[in-house]
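S.K.: model this:
(2 chains)
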Amino acid sequence: AQTVTQSQPEMSVQEAETVTLSCTYDTSESDYYLFWYKQPPSRQMILVIRQEAYKQQNATENRFSVNFQKAAKSFSLKISDSQLGDAAMYFCAYSAYSNYQLIWGAGTKLIIKP
Amino acid sequence: DAGITQSPRHKVTETGTPVTLRCHQTENHRYMYWYRQDPGHGLRLIHYSYGVKDTDKGEVSDGYSVSRSKTEDFLLTLESATSSQTSVYFCAISEGQGLWEQYFGPGTRLTVT
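M.R.: Numbering: from 1, shown residues only, chains lettered A, B, ... in the order given. You can find the predicted model right below:
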């Protein structure tokens, strides 16, 4: 069975600094998708970034980028120039080509210190 | 924001009573999903729908049933609520699967006493 692990229940970073959230997954599939979603205190779930496993180039969305290491089954999220509005729960999720159901990690709570 | 509403937003019910949660979308998206969110577990898929009257089970479907008679509405029913079903329930929609983004509703907090 596929699993997604986020080993950091909570992380904190100083405003304007850079922080990296880790995510590892376990799968026997070769083709799949990976996502990072953000859930602020409002509880609204928002897509941050996504990556197709066959693409070697790491995805980037403004201040958000990923470090995708397929062999290591690792998909970390880097947030540059952290802002107060980045404070939220961050969830890593995986979806295989074969069934498309999203498998979610338990989440990392990101605290931004002013 | 994607047009997704959930009702009710909060509900307290007693063990053994039936409960129905409603998800309504105005985006005409084909796929609809019901998740539950519990501390330490992230989101877990309960059921999903890939079209009117087309549904399938997710990871934690026991004790839940769903129906989709119209594109815009996806109902989640707890036939006989139990305390283990106390959770926050999210509906999501997407145009397609795979790399397509899922858009989430505001959530329903359900407490079973």
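
S.K.: disregarding flanking residues, what is the spatial nearest neighbour of residue 14?
M.R.: No chain was given, so I picked chain A. Leaving aside its chain neighbours, A:Q14 sits nearest to A:K113 (5.1 Å; criterion: CB to CB, 6 or more residues apart in numbering or on different chains). Quick note: C-beta positions are derived from backbone N, CA and C, even for glycine.

S.K.: my bad, the chain I had in mind was chain B
M.R.: Once flanking residues are discounted, B:E14 sits nearest to B:T113: 5.7 Å by CB to CB, 6+ apart.

S.K.: what do you get for B:D73?
M.R.: Leaving aside its chain neighbours, B:D73 sits nearest to B:H24 (5.5 Å; criterion: CB to CB, 6+ apart).

S.K.: could you do B:T111 as well?
M.R.: Nearest residue to B:T111 in three dimensions, chain neighbours excluded: B:V12, at 4.6 Å (CB to CB, 6+ apart).

S.K.: how near is the one you found to chain A?
M.R.: With distances taken as CB to the nearest CB, to the nearest Å, B:V12 is found 18 Å from chain A.

S.K.: element containing that residue?
M.R.: strand B:10-13 (DSSP states H and E).

S.K.: need the residue closest to the centroid of the chain.
M.R.: This is for chain A. Taking CA atoms, centre = their mean, the centroid of chain A lies closest to A:W36, which sits 3.5 Å from it.

S.K.: actually it's chain B I care about, not the one you picked
M.R.: B:W34 (2.7 Å).

S.K.: would you verify that it is located in a strand?
M.R.: Yes - assessed with DSSP: H, G, I helix; E, B strand; the rest coil, B:W34 lies in a strand.

S.K.: quick check: it touching B:Y89?
M.R.: Yes - with contact defined as CB atoms under 8 Å, B:W34 reaches B:Y89; the gap is 6.5 Å.

S.K.: what touches both of the two?
M.R.: Here B:W34 and B:Y89 share the contacting residues B:21, B:46, B:76, scored by CB atoms under 8 Å, 6 or more residues apart in numbering or on different chains.

S.K.: element containing the last one, please.
M.R.: Element membership for B:L76 (DSSP H and E) is strand B:73-78.

S.K.: so which other helices or strands are in contact with that strand?
M.R.: For strand B:73-78, the elements it packs on are strand B:19-25, strand B:31-38, strand B:42-51, strand B:64-70, strand B:87-94, judged by 3 or more CB pairs under 8 Å, 6 or more residues apart in numbering or on different chains; DSSP states H and E.

S.K.: could you export the ones you listed as JSON lines, including mean pLDDT?
M.R.: Formatted as JSON lines, the helices and strands packed on strand B:73-78 follow (pLDDT from 0 to 100):
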{"stretch": "strand B:19-25", "mean pLDDT": "98"}
{"stretch": "strand B:31-38", "mean pLDDT": "96"}
{"stretch": "strand B:42-51", "mean pLDDT": "94"}
{"stretch": "strand B:64-70", "mean pLDDT": "97"}
{"stretch": "strand B:87-94", "mean pLDDT": "96"}
